[in-house]
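Asks: one predicted model, sequence on top.
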Amino acid sequence: MTDTNRDVTGLAEQRGLEMQVYQPAEDSALLAEAAVEFARGRTLEVGTGSGWVAATVAEEGDPERVVASDLNPHACRSARERGVEAVQADLLDPFAADSFETVLFNPPYLPTAPENEWDDWMEQALSGGESGRELIEPFLADLDRVVSTGGQALLLVSSLTGYEEVIDLIREAGFTHEEVRRESYPFESLSILRLTQLRTCG
């Protein structure tokens, strides 16, 4: 585990140590803890980074039913080195409809002004664009397609990203939510939201 300081300086220092793959931090631990409890069936971790969360879930269940994806080829290689099947992918794009019963996502969420973008793999792992929700929006818009009937997703949300704004996006995508984990720090709060498909009668 890395230092739990999540302020911008701490993340910049982390970036200085690792230039290609996001390493496990307290957000990773929070997602892994929730995933070990709630994940079931065929499971996909989107934006896997080092592959640590996916590997943790695989160790607790059936390794052959856990898949990881990341746009970063170095992250895919790291996940494979941990024994996890990994696919180089942009969010959910290559996956067939109804492919997974559980989807996990710890998105890049730091709000970042364009002039502060680094234009490298670590920037892509950390930056959520100006709103912090640049990748959350397309992820949620496509989630219902890949989740099988009765499926679920576990999404990490930071208060830096705009908690209520993310809740609105979840509802617009046709999902209900419950908060299953929460940790607070002086500079932000991290939550794991469990999303389930909203079904209406008739």
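Replies: Structure's in. What do you need?
Asks: drop to CA atoms for contacts and neighbour counts, all remaining ones
Replies: Fine.
Asks: L126: how many residues sit nearby?
Replies: 20 (other CA atoms under 10 Å).
Asks: how about V84?
Replies: Neighbour number of V84 under other CA under 10 Å is 25.
Asks: now do it against L126, distance only.
Replies: Between V84 and L126 the computed distance is 22 Å (CA to CA, to the nearest Å).
Asks: again with A58
Replies: 25 Å.
Asks: cool, V57 as well?
Replies: 22 Å.
Asks: following element in sequence after the longest helix anywhere in the chain, please.
Replies: For the chain, the helix reaching the highest residue count under DSSP state H is reported as helix 26-38. Using DSSP states H and E, the helix or strand that follows helix 26-38 in sequence is strand 43-46.
Asks: what lines up beside that following strand in the sheet?
Replies: strand 66-70 (parallel), strand 100-105 (parallel) (DSSP bridges).
Asks: dump these to CSV, plus mean neighbour count.
Replies: Listed next are these as CSV, based on neighbours: other CA atoms under 10 Å:
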stretch, mean neighbour count
strand 66-70, 26
strand 100-105, 24
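Asks: any chance of those strands in TSV, plus mean pLDDT and distance to L198?
Replies: Output for these, formatted as TSV (pLDDT from 0 to 100; distance: least, CA to CA, whole Å):
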stretch	mean pLDDT	distance to L198
strand 66-70	96	25
strand 100-105	98	15
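Asks: adding distance to V147, write the ones you listed out as JSON lines.
Replies: Shown next, in JSON lines, are the strands paired with strand 43-46 (distance: least, CA to CA, whole Å):
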{"stretch": "strand 66-70", "distance to V147": "14"}
{"stretch": "strand 100-105", "distance to V147": "5"}
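Asks: so for L160, which of these sits nearest?
Replies: Closest to L160 of the strands paired with strand 43-46 is strand 100-105 (CA to CA; 16.4 Å).
Asks: contact partners of the closest one?
Replies: 31, 35, 39-48, 146-156 (CA atoms under 8 Å, 6 or more residues apart in numbering).
Asks: buried among the residues you listed? Make that a PyMOL selection.
Replies: Buried residues within the contacts of strand 100-105, by 16 or more other CA atoms under 10 Å, are selected in PyMOL with:
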select buried, resi 31+35+39+40+42+43+44+45+46+47+48+146+147+148+151+152+153+154+155+156
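Asks: please, where are all the helices along the chain?
Replies: So, for the chain - with DSSP H - the helices run 8-17, 26-38, 52-60, 73-81, 121-126, 136-146, 163-172.
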